[in-house]
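**Q** Quick one, structure for this:
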Amino acid sequence: MTNTLKISLKPNEKIYINGAVIRVDRKVTLELMNDVQFLLESHVIQAEQASTPLRQLYFIVQIMLMNPSGAAEARDMFRHSLPMLIASFDNQEICSALKQVDRMVGEDRIYEALKAIRALYPLERQALGGNDDIPEAPRALAMGA
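**A** Below is the predicted model of the structure:
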């Protein structure tokens, strides 16, 4: 049985599908008919936005999804940084969730890993002293099929 997923995009909005960047010129609904790795533009962060430890991890994982040719290098970076990141947090909820992120990445469930990292942003904000200069995480609009 095929999983289908409909995604509505606004004019000039981008979606990243299996490493391809697609921009639509008008409002459109895409129907994804099979399993696909995708990321909505609203969930993409730029390098300069990777200003906290979890956002840096998010950026690394994001590369796995957006740039399949650089995925192996990003996985190596992920494997190197994750143990140090877990060791740097005292918050057991964050540490436990990061272990789940590790499992998701290992199972190639990249979108789910990104979603799990975004969900940790409020806990990270508290762990870092409640810095209000860190913007809120984007809201989840859709999931990978």
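**Q** Find the least confident helix or strand in the chain, judged by mean pLDDT.
**A** strand 38-40 (a mean of 87; mean pLDDT, DSSP states H and E).
**Q** can you give me the offset of that strand from its chain's centre?
**A** Remark: strand 38-40 is offset 9 Å from the chain centroid, using CA atoms, centre = their mean, to the nearest Å.
**Q** next helix or strand past that strand?
**A** Using DSSP states H and E, the next helix or strand after strand 38-40 towards the C-terminus is helix 53-66.
**Q** mind saving the C-alpha coords of that following helix as CSV?
**A** Coordinates of each C-alpha in helix 53-66 appear next as CSV, following Å, rounded to 0.1, in the frame of the first residue of the first chain:
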residue,chain,number,x,y,z
PRO,A,53,24.3,23.5,20.2
LEU,A,54,21.0,21.9,19.2
ARG,A,55,20.6,24.3,16.2
GLN,A,56,24.1,23.2,15.1
LEU,A,57,23.1,19.6,15.3
TYR,A,58,19.9,20.4,13.4
PHE,A,59,22.0,22.1,10.7
ILE,A,60,24.2,19.0,10.4
VAL,A,61,21.2,16.6,10.1
GLN,A,62,19.5,19.0,7.7
ILE,A,63,22.4,18.6,5.3
MET,A,64,21.8,14.9,5.2
LEU,A,65,18.4,15.5,3.8
MET,A,66,19.1,18.5,1.6
